[in-house]
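Chemist: sharing a model that was predicted from the sequence below.
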Amino acid sequence: MANIGLKHSADQLLRMLVAFEHRNFRLLWTGRFSSNMGRMMRVFLRAWVVWQLTDSPLLMGVVISSLSWPMLFMPFIGGIVADKIDRKKLLIVTETLLVILWAVVSLLLTLDLIQWWHFIISSVCSGVIQSFGRPGHLAMVADVVDRKTLPNAVALDSAAQTWPGVAGPALGALLIPLVGVAGGFWFTTILQLVTVTTIVLLDWQNTEKSPGDQSARSSFIEGFRHIRGEPTLLGLVALGMTSALFAQSYSFLLPAFADEILRLGDGTRGAQGLGVLMTGAAVGGAVGSLTAVSLSNFKKRGALLFFAVICFSFLVMAFSRSEVFVISFVILFFMRVMGMITQTTNITAMQLLAPDHLRGRVMSLRVFTMGLSPIGVMFMGALSEPSVLGIQNAVMLGGIVYAVVGVILFGFMPSLRKFE
């Protein structure tokens with residue numbers, strides 16, 4: 001009986017990882033994971049440096065939001081490009097440019113020449129580059145696996161994005177006492193170089209497409225018409241936008257939250273305490289992502305998504321009222337479990353709804369949604385000022401708005417609620 005149980009567990013694990021049987025997917029996933037790990041570490045490191053330099057939640061939000069400025073319109077252009085040219089060539093160019101960019105920023109930090117506004121310039125440049133690279137990355141998932149394993153590949157690819165979203169900031173916080181902020185940035189530059197290497201190693205058939213007579217404007221209209229005619233896709237985008245603008249902003253406010261509310265301090269002790277707090281969140285995120293991968297073929301995706309959205313919303317509200325470190329630690333753990341299930345299910349549904357010839361344009365909406373997150377940080381940072389709502393009330397408001405929008409979308413869109 002024990003052997004049967006072990007065999008069943010092994011078979012279940014293999015089904016969860018079936019997409020890794022494809023060499024190109026393994027390389028693409030490794031590159032995605034490395035790039036996203038470095039990106040999320042930089043988000044935290046930037047926030048920490050700006051907070052130390054300015055002691056202002058608003059300026060911290062402005063700096064983080066600068067990454068999103070190009071992503072408010074550039075991803076749609078990037079999606080068109082990803083549908084028309086060879087995606088491997090596109091990614092080699094974009095990822096190499098990012099290596100150069102972050103090497104320059106790391107050097108400025110090492111020489112102690114950095115100013116808070118330098119991060120605005122570098123973030124805008126990064127946003128422009130990623131507006132072309134991310135739609136290409138997302139669209140490539142369907143290129144490197146067969147149709148049968150696509151749902152599993154999409155879920156695993158989502159994990160390559162969501163796991164670093166919780167582990168990256170925690171690792172960044174833990175690195176500050178060890179190697180300093182400059183050392184942390186150099187580490188992220190190396191991670192970006194790993195991504196370039198994995199893309200170069202792809203065994204790739206030239207997928208360059210002829211633009212034909214279709215102009216960029218016509219290509220955009222074609223993609224927009226498809227999206228407008230797919231209510232479920234519209235609901236997913238609306239849900240993602242609300243999350244980015246309100247519910248997820250708490251994570252970028254954690255340095256200020258830990259200092260002002262949990263009173264961990266703003267020195268080395270504060271960085272270490274924040275690192276422990278975010279490590280708990282990282283473990284929760286890993287649990288949530290693994291759960292989402294195991295449910296990649298779950299039929300009632302709409303019901304799963306609604307359950308996770310509501311649970312996440314109430315956990316955000318509870319976190320906003322906690323002033324005890326241990327309680328906040330536990331709440332953050334479960335927040336990330338539900339947050340990862342929500343994000344992974346959302347991205348999986350978008351990939352499954354995207355036709356192959358429009359995949360870059362459809363997934364550019366996901367990049368656009370991600371670009372809204374720093375805008376949400378800027379907005380929530382302004383609300384977090386003591387003269388407005390304060391940090392706790394701002395985070396509470398984010399959870400309330402997400403819950404209300406979720407109930408409205410699932411209540412009035414049967415296609416979203418019943419999506420399989």
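Modeler: Sure thing, it's come through. Not measured: the values here are computed from a predicted model.
Chemist: residue 277 and residue 336: what is the separation?
Modeler: Distance from residue 277 to residue 336, counting by CB to CB, to the nearest Å: 11 Å. (Glycine included, C-beta is placed from N, CA and C.)
Chemist: between these two, which has more neighbouring residues?
Modeler: Shown here are residue 277 and residue 336; by other CB atoms under 10 Å, residue 336 has more neighbours (27 against 23).
Chemist: which non-adjacent residue is nearest the more buried one?
Modeler: Take residue 336 and drop its neighbours on the chain: the residue closest to it by CB to CB, 6 or more residues apart in numbering is residue 284, 3.5 Å away.
Chemist: buried residues in the host helix or strand of that neighbour?
Modeler: Using DSSP states H and E, residue 284 sits in helix 268-294. Neighbour-count burial for helix 268-294 flags 270-275, 277-293 (criterion: 16 or more other CB atoms under 10 Å).
Chemist: now it: mean pLDDT?
Modeler: For helix 268-294, mean pLDDT is 75.
Chemist: contacts for stretch 375-390 next, please.
Modeler: Where contact means CB atoms under 8 Å, 6 or more residues apart in numbering, the residues beyond stretch 375-390 that reach it are 57-58, 60-62, 64-65, 68, 72, 244-246, 248-250, 252-253, 256, 391, 393-395, 397-398.
Chemist: end to end, how far does that stretch reach?
Modeler: 18 Å (CA to CA, to the nearest Å).
Chemist: do stretch 50-58 as well
Modeler: End-to-end for stretch 50-58, by CA to CA: 10 Å.
Chemist: can you give me how far the host helix or strand of residue 381 is from the chain middle?
Modeler: When elements are assigned from DSSP H and E, residue 381 belongs to helix 359-383. Helix 359-383 sits 10 Å away from the centroid of its parent chain (CA atoms, centre = their mean, to the nearest Å).
Chemist: C-terminal to that helix, what's the next element?
Modeler: Moving toward the C-terminus from helix 359-383, the next helix or strand (DSSP H and E) is helix 391-412.
Chemist: who are the packing partners of that next one?
Modeler: Using 3 or more CB pairs under 8 Å, 6 or more residues apart in numbering; DSSP states H and E, the elements in contact with helix 391-412 are helix 231-245, helix 254-260, helix 301-321, helix 359-383, helix 414-417.
Chemist: what is the third one packed up against?
Modeler: Read that as helix 301-321. Helix 301-321 makes packing contacts with helix 325-353, helix 391-412, helix 414-417 when contacts are defined by 3+ CB pairs under 8 Å, 6+ apart.
Chemist: count the residues that sit near residue 305.
Modeler: If you count neighbours by other CB under 10 Å, residue 305 ends up with 27.
Chemist: so it makes contact with residue 338?
Modeler: No. Between residue 305 and residue 338 there is no contact under CB atoms under 8 Å: 10.6 Å.
Chemist: please report the distance of the residue nearest to residue 293 when sequence neighbours are not counted from residue 202.
Modeler: Using CB to CB, 6+ apart and skipping the chain neighbours, the partner closest in space to residue 293 is residue 155 (4.7 Å). Shown here: residue 155 relative to residue 202, a distance of 21 Å by CB to CB.
Chemist: and what of residue 115?
Modeler: Relative to residue 202, residue 115 is positioned 39 Å away (CB to CB).
Chemist: the two: which has the busier surroundings?
Modeler: Legend: neighbour count by other CB under 10 Å for residue 115 and residue 202, higher for residue 202 (20 against 12).
Chemist: quick one: contacts for that one?
Modeler: 24, 27-28, 88, 144.
Chemist: go again with 10 Å.
Modeler: Contacts for residue 202 (CB atoms under 10 Å, 6 or more residues apart in numbering) come out as 23-25, 27-28, 31, 87-88, 91-92, 140, 143-144.
Chemist: do residue 144 as well
Modeler: Residue 144 sits next to 19, 22-29, 87, 153, 157, 202-204 when contact means CB under 10 Å, 6+ apart.
Chemist: do that again at 6 Å, thanks
Modeler: By CB atoms under 6 Å, 6 or more residues apart in numbering, the contact set of residue 144 is 22, 24-25, 28.
Chemist: filter these down to just the ones in strands.
Modeler: Taking DSSP state E, every one of these sits outside strands.
Chemist: so which of the residues you listed is the most crowded?
Modeler: residue 28 (27 neighbours).
Chemist: state the pLDDT value of that residue.
Modeler: Reported pLDDT for residue 28: 91.
Chemist: now the one 10 residues further on
Modeler: For residue 38, the model assigns a pLDDT of 89.
Chemist: what inclination does the helix holding residue 284 have with respect to helix 325-353?
Modeler: Counting by axes from the mean of the first three to the mean of the last three CA atoms, to 10 degrees, helix 268-294 lies at 40 degrees to helix 325-353.
Chemist: ranges for the helices of the stretch 1-150 of the chain?
Modeler: Along the stretch 1-150 of the chain, counting by DSSP state H, counting those that start in this stretch, helices occupy 2-16, 23-54, 57-65, 74-84, 87-110, 118-144, 150-200.
Chemist: which parts of the third one are buried?
Modeler: I take that to be helix 57-65. Quick answer for helix 57-65 (16+ other CB under 10 Å): 57, 59-65.
Chemist: looking at these, spot the one nearest residue 298.
Modeler: residue 64 (33.8 Å; CB to CB).
Chemist: alright, I will stop here.
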